[in-house]
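**Q** here is a sequence together with a model predicted from it:
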Amino acid sequence: MLTSVPRGTKDILPSEVGAWRYVEGVLRDLCRCFGFKEIRTPVFEHTELFQRGIGDTTDVVEKEMYTFIDRGNRSITLRPENTASAVRSFIEHKMYADPDPAKLFYIGPMFRYDRPQAGRQRQFHQFGVELLGAAGPNADAEIILLAVQILRKLGLKDLQLKINTVGCPECRPAYREKLQDYYRPHLAELCEDCRSRFDRNPMRILDCKNEKCHALAAGAPKLAECLDEACKEHFAKVQELLTASGVEFTVDPTLVRGLDYYTRTAFEIQYTPLGAQSAVLGGGRYDGLVEEVGGPATPGIGFAMGMERVILALQSQNLLPEKDDGIDVFAIAPKAEAAALAFTTVEQLREVGICAAYDYQQRSMKAQMKAANRLNAKFVLIFGEDELSRGMVTLRDMQTEDKDNSQREIPVADITTILKTEVQKNE
RNA sequence: GUGGGUAUGGUGAAGCUGGCCUAACACGGCGGAUUGUGGCUCCGUUAUUUUCGCAGGUUCAAAUCCUGUUACCCACCCCA
């Protein structure tokens, strides 16, 4: 127990960090182009924020939160997602007073007490964006396009974009009633979960994967029939804009987001080969959330992306960059007498920005050469007895094929300047 | 929360109708062939309380059978 991570968590090892930094880099670059600024909110918040924001009856809040009482007797919860926190911060810092909409993005760990599975961990990482204060369908389309561009830039193929509209507080009650009317005679056929959903949130029955429920859903009334004019028009415009931008998508009337705050546009991007956890990214509009949490009525839209899932997908398509580059110089001291000079030289090289290393263990020359090779060193400096007696060291180019002509002697005094130009040449 | 599978060294793993396992093979590591020089090749070595996730049990005898436990994987569920 002492020597293993808690269930559902993972170390991201040095060998894996490169992939993360790469993906994060792409995300940050694109966010900059789209005008989104990073926000970093605390990993824990008052429990009530998530209960209010995400919704009391959602699975996430009901059975997946890491909640505890702190020493000051406050109920604290490790964030299961970042939208509620972003909205809280938006209100707390009165960003609604800014002349322009708030455009925020975040990357960080989230926590959900789930049963771990492929692409699902208890501590996982999400990247997400939130656009607060823009109500028009162009905002919806822009957010979806950002998502599409990110995945495109990463090179991912075989993705499916699904969109839907879940209506607004004006038209949803009518739909809710219609749904209940439809399901009432079939209550006995529904699975246990759906029977409890019937009262609390009948829209989620549509989403059920249970065979019978799924079959019944096919004949259920469609939300489209109940949408008010404004919602209909909004959804139509979003589709128009997406089509105009050349983005392929399918309208999936069964797509229902699991968090209560969503209104109107909902969307998801899937990568089917990931298995059961194929949703790489999901989001939608949440026009009521800011008000629900206690701010002035402000429209909002955003999405969240599962970092682990994206990296898994990139791995399966072989799109991750090769392992990180090696060092510039490895200093070798064949005899112990020269070790001190090698050491100080390494320090001097590092001071001018050259990545240098040496052998910590005073091993044989051959072992030191092998170490240099493992570290992928571009050059090796050999502090050999003979050369040193003449005030020289050997500089060996490790990258050339021609072993015999790959080294020359250089004066000890010029090591730094010569290496500086050599390393630059190499760039 | 439910169901199924798995658990052997630094890594990938063989072995699992019990004794020949004081645990194959491969990679990696270390040393050497090359007495001061890497990447290829070859040789040697490499599970440091009789050790096979952990804790018990059956047996003359268990990595191999049984029970419990923990973790991981897969699916349900949920979601990113």
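**A** Cool, got the structure.
**Q** quick one: residue A:184 and residue A:130, what's the gap?
**A** Per Cβ to Cβ, to the nearest Å, residue A:184 is found 38 Å from residue A:130. (Glycine included, C-beta is placed from N, CA and C.)
**Q** can you check residue A:16 too?
**A** 28 Å.
**Q** neighbour count for the two, which is higher?
**A** Neighbour comparison, residue A:16 and residue A:130: the larger count goes to residue A:130, with 28 against 14 (by other Cβ atoms under 10 Å).
**Q** and that one, that's in a strand?
**A** Yes. Going by DSSP: H, G, I helix; E, B strand; the rest coil, the assignment for residue A:130 places it inside a strand.
**Q** give me the three-state assignment for the closest residue to it other than its chain neighbours.
**A** Counting by Cβ to Cβ, 6 or more residues apart in numbering, residue A:302 is the residue found nearest to residue A:130 once chain neighbours are left out, at 3.8 Å. Three states are possible here, and by three-state DSSP the one that applies to residue A:302 is strand.
**Q** which parts of the stretch 201-350 of chain A sit against RNA strand B?
**A** For the stretch 201-350 of chain A, the residues in contact with RNA strand B under the definition Cβ under 7 Å from any atom of the strand are A:204, A:207-210, A:257-259, A:268, A:275-283, A:304-306, A:308-309, A:334.
**Q** before we move on, the earlier item: tell me the contacts of the residue nearest to residue A:130?
**A** If a contact means Cβ atoms under 8 Å, 6 or more residues apart in numbering, then residue A:302 has A:83, A:86, A:128-131, A:143, A:283, A:286 as its contacts.
**Q** now list the buried members of the residues of the stretch 201-350 of chain A next to RNA strand B.
**A** Of all those considered here, the ones buried according to neighbour count by 16 or more other Cβ atoms under 10 Å are A:204, A:207-208, A:210, A:257, A:259, A:268, A:277-283, A:304-306, A:308-309, A:334.
**Q** my guess is residue A:395 contacts residue A:378. True?
**A** No. With contacts counted by Cβ atoms under 8 Å, residue A:395 stays clear of residue A:378, the gap being 10.7 Å.
**Q** just to revisit the earlier point, reformat the contacts of residue A:302 as TSV; add distance to residue A:36 and pLDDT.
**A** Written out in TSV, the entries for those read as follows (distance: Cβ to Cβ, whole Å; pLDDT from 0 to 100):
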residue	distance to residue A:36	pLDDT
A:83	14	97
A:86	11	98
A:128	10	98
A:129	5	98
A:130	9	98
A:131	8	98
A:143	10	98
A:283	13	95
A:286	17	95
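**Q** in the longest helix seen in chain A, what's buried?
**A** When chain A is scanned for its longest helix (criterion: DSSP state H), the result is helix A:14-34. Buried residues in helix A:14-34, counting neighbours by 16+ other Cβ under 10 Å, are found at A:19-20, A:22-23, A:26-27, A:30-31, A:34.
**Q** the residues you listed: which two are farthest apart?
**A** A:19 and A:34 (23.0 Å; Cβ to Cβ).
**Q** and residue A:40, how many neighbours?
**A** The local packing count at residue A:40 equals 11, with neighbours defined by other Cβ under 10 Å.
**Q** residues touching it, list them.
**A** Contact criterion Cβ under 8 Å, 6+ apart gives A:106, A:108 as the residues in contact with residue A:40.
**Q** within the helices and strands, which one has it?
**A** Following DSSP states H and E, one finds residue A:40 outside all helices and strands.
**Q** residue ranges with poor pLDDT in the stretch 1-150 of chain A?
**A** Scanning the stretch 1-150 of chain A for pLDDT under 70 picks out A:1.
**Q** which residue would be the closest one in it to RNA strand B?
**A** Of the stretch 1-150 of chain A, the residue with the smallest distance to RNA strand B, taken as Cβ to the nearest atom of the strand, is residue A:118 at 2.5 Å.
**Q** list phi and psi for that residue.
**A** The phi and psi torsions at residue A:118 (degrees, to the nearest 10) take the values phi -60, psi 120.
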